[in-house]
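Enquirer: pasting the structure only:
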Ligand SMILES: Cc1cc2nc3c(=O)[nH]c(=O)nc-3n(C[C@H](O)[C@H](O)[C@H](O)COP(=O)(O)OP(=O)(O)OC[C@H]3O[C@@H](n4cnc5c(N)ncnc54)[C@H](O)[C@@H]3O)c2cc1C
């Protein structure tokens with residue numbers, strides 16, 4: 001089914017799903033305010049950036065924290081989060097209602113893989129107990145919802161997906177932006193390197209290349225310095241201490257409790273102090289991986305890298321993966337579900353238009369941030385174990401900003417891998433993750449996305465409190481704030 005026809009088709013699906021007591025809308029529901037992850041698409045004139053950093057020729061940024069249908073970027077392990085909490089959330093509610101999505105994944109939360117597997121698991125459970133031909137409603141057209149819907153359609157069920165936005169894909173969002181010759185990914189641009197995902201990407205003709213994940217650090221003077229294990233060792237020590245503690249604590253608390261901090265602020269031979277290396281690991285590793293400050297992240301499961309080597313870097317258009325799934329199911333877009341009523345016979349959905357629909361069973365795949373809000377209510381309320389999981393699981397905030405420049409000024413001063421391992425050819429590998437050490441940064445890390453193709457594109461990753469702060473700025477203020485962080489790469493000295 002062509003995408004532009006899916007709404008019309010979904011309306012016929014809607015008619016088929018409706019029971020006598022409920023009705024589907026007989027016309028396209030009024031579009032809800034389309035949540036914009038980007039306030040403005042083009043750069044606004046802005047004061048000259050500092051220290052010779054050139055102005056970008058194009059810019060596009062996300063705002064996932066203030067997006068009402070995401071309310072953050074992805075779930076993370078806050079203090080007290082356990083695998084069993086995520087498993088509880090994925091438990092069926094009676095035999096009529098399931099919750100799925102990345103936050104329900106016990107093995108890969110916060111990822112595309114986790115979301116896809118969670119949607120599939122819920123659909124398999126539905127398919128096992130539902131009668132042939134039953135009607136199933138799936139709420140949310142992200143990768144979890146669409147994966148579930150396609151599985152159920154293939155299994156012979158009548159399925160409709162109800163999506164709040166005027167597009168499918170959820171947190172996967174590829175957009176065309178003037179000034180960029182390639183799609184801009186406002187959600188993930190790195191995808192896990194697992195075979196089912198690779199196969200799905202190939203089938204949808206989404207091109208990827210292997211991502212080296214070679215990180216470079218420069219001081220504020222532009223000097224490239226080799227990254228020692230100091231920061232990661234400190235986090236490892238805090239994690240080991242927290243593992244043995246009677247109760248989970250935050251990374252910040254475990255660093256103190258383990259005696260790891262305070263660390264020396266005396267600069268070492270590289271002119272960087274151990275304390276600055278720990279701050280670097282937290283700012284460019286922990287925070288972009290979780291979207292949360294170290295005072296909130298569980299010390300027991302804290303990750304130290306957000307850009308793992310061996311991931312696949314999307315060079316095509318990631319939304320094609322979701323569109324390929326969407327083409328196979330009926331979808332009602334611009335339809336915000338505000339209430340899910342369920343009993344032992346059926347599930348009833350109320351839309352923000354006031355209309356409602358009924359199905360035999362439903363899978364709810366809205367993000368955990370939406371479940372935590374009062375914008376979607378359940379009647380009767382969810383079982384205690386589900387409520388507990390929803391209360392405990394948290395969403396981190398991570399945003400991206402895509403910048404295109406006249407030329408890749410940051411590559412010219414590359415110190416040929418002073419901070420990097422050797423490449424396969426024996427030469428030092430060029431960095432593809434640029435960071436700054438010794439100074440607090442607004443941007444956690446810059447991904448040199450054009451390195452493979454020669455395009456002068458940098459993607460800034462902004463995380464945790466910085467992301468929330470920057471979402472409130474207008475474009476000129478935002479641009480000034482982030483470009484300041486590139487000064488060490490404009491005045492590079494290897
Ligand atoms: C900036 C960023 C970077 C990321 N980087 C990576 C990465 O490198 N690797 C990786 O694997 N993952 C990454 N992720 C995470 C990944 O994108 C998500 O884990 C995944 O897309 C979640 O899919 P989902 O189907 O669970 O949720 P979603 O994609 O959020 O789908 C849920 C759907 O529900 C809809 N919805 C919400 N409320 C309602 C309602 N009331 N009624 C109807 N519909 C509703 C939403 O509009 C949405 O379409 C990143 C995410 C972000 C934001």
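Expert: All right, it came through fine. None of the values given here were measured: they were computed from a predicted structure.

Enquirer: tell me which residues in stretch 312-324 are buried?
Expert: Buried residues in stretch 312-324, counted by 16 or more other C-beta atoms under 10 Å: 312-324. All C-beta spots, glycine's among them, are computed from the backbone N, C-alpha and C.

Enquirer: Which of these fall in helices?
Expert: 319, 320, 321, 322, 323, 324 (DSSP state H).

Enquirer: How confident is the prediction for the second one, by pLDDT?
Expert: Which is residue 320. Predicted confidence (pLDDT) at residue 320: the value is 98.

Enquirer: and if you look at the last one?
Expert: What the model reports for residue 324 is a pLDDT of 97.

Enquirer: Spatially nearest residue to it, not counting backbone neighbours?
Expert: Residue nearest to residue 324 in three dimensions, not counting chain neighbours: residue 204, with 4.1 Å by C-beta to C-beta, 6 or more residues apart in numbering.

Enquirer: Residue 375 and residue 477, how far apart?
Expert: Using C-beta to C-beta, to the nearest Å, we find residue 375 at a distance of 29 Å from residue 477.

Enquirer: just residue 311 next, same as before
Expert: Applying C-beta to C-beta to residue 311 and residue 477 gives a distance of 32 Å.

Enquirer: Just give the number of residues close to residue 135.
Expert: Using other C-beta atoms under 10 Å, residue 135 has 23 neighbouring residues.

Enquirer: Let me see the backbone angles for it.
Expert: phi -100, psi 130 (degrees, to the nearest 10).

Enquirer: ditto for residue 75
Expert: phi -70, psi 150.

Enquirer: Could you pull up the contacting residues of it?
Expert: 102, 103, 109, 110, 367, 368, 393, 394, 395, 396 (C-beta atoms under 8 Å, 6 or more residues apart in numbering).

Enquirer: Which strand residues bridge it?
Expert: residue 395 (DSSP bridges).

Enquirer: Next one: it from the ligand, what distance?
Expert: Distance from residue 75 to the ligand, counting by C-beta to the nearest ligand atom, to the nearest Å: 8 Å.

Enquirer: do the same with residue 84
Expert: Distance from residue 84 to the ligand, by C-beta to the nearest ligand atom: 19 Å.

Enquirer: Nearest residue to that residue in space, please, no chain neighbours.
Expert: residue 106 (8.0 Å).

Enquirer: name the element the one you found belongs to?
Expert: Residue 106 is part of no helix or strand, with elements assigned from DSSP states H and E.

Enquirer: Would you confirm that it contacts residue 86?
Expert: Yes: Residue 106 lies in contact with residue 86 (C-beta atoms under 8 Å); the separation is 4.9 Å.

Enquirer: Name the residue in the two with the higher neighbour count.
Expert: Each of residue 106 and residue 86 has its neighbours counted (other C-beta under 10 Å); residue 86 has more, 24 against 17.

Enquirer: which is the next helix or strand following the helix or strand hosting the more buried one?
Expert: Assigning secondary structure by DSSP H and E places residue 86 in helix 83-90. Next helix or strand after helix 83-90 toward the C-terminus (DSSP H and E): strand 97-99.

Enquirer: Looking at that following strand now, give me its mean pLDDT.
Expert: Mean pLDDT, strand 97-99: 98.

Enquirer: what sits up against that strand?
Expert: Contacts for strand 97-99 (C-beta under 8 Å, 6+ apart): 89-90, 92-93, 122, 125-126, 340, 342, 347, 361-365, 371, 386.

Enquirer: In strands, which of those residues fall?
Expert: Residues of those located in strands (DSSP state E): 340, 342, 347, 361, 362, 363, 364.

Enquirer: Show me the beta-bridge partners of the third one.
Expert: Legend: beta-bridge partners of residue 347 under DSSP bridges are residue 342, residue 359.

Enquirer: now do the last one
Expert: For residue 364, the beta-bridge partners under DSSP bridges are residue 99, residue 139.

Enquirer: give the contact list for it.
Expert: Contacts of residue 364 by C-beta under 8 Å, 6+ apart are 97, 98, 99, 100, 139, 140, 337, 340, 371, 376.

Enquirer: returning to what we had before: number of nearby residues for the residue nearest to residue 324?
Expert: Residues within reach of residue 204, counting by other C-beta under 10 Å, total 18.

Enquirer: With the one 5 residues further on instead?
Expert: Residues within reach of residue 209, counting by other C-beta under 10 Å, total 13.

Enquirer: Can you list the strands that the strand or helix carrying it pairs with?
Expert: Take DSSP H and E as the rule and residue 209 turns out to sit in strand 208-210. If you go by DSSP bridges, strand 208-210 pairs up with strand 312-314 (antiparallel).

Enquirer: what's in contact with the strand it pairs with?
Expert: For strand 312-314, using C-beta under 8 Å, 6+ apart, the contacting residues are 185, 188-193, 197-198, 201, 206-211, 449, 452.

Enquirer: Let me know whether that strand sits next to the ligand.
Expert: No: Strand 312-314 lies out of reach of the ligand by C-beta under 6 Å from any ligand atom, never closer than 9.2 Å.

Enquirer: follow-up on the earlier one: quick one: mark the members of the contacts of strand 312-314 that sit in helices.
Expert: Short answer: the contacts of strand 312-314 in helices (DSSP H) are 197, 198, 201.

Enquirer: who's more crowded, residue 375 and residue 477?
Expert: Higher neighbour count among residue 375 and residue 477: residue 375, with 18 against 14, using other C-beta under 10 Å.
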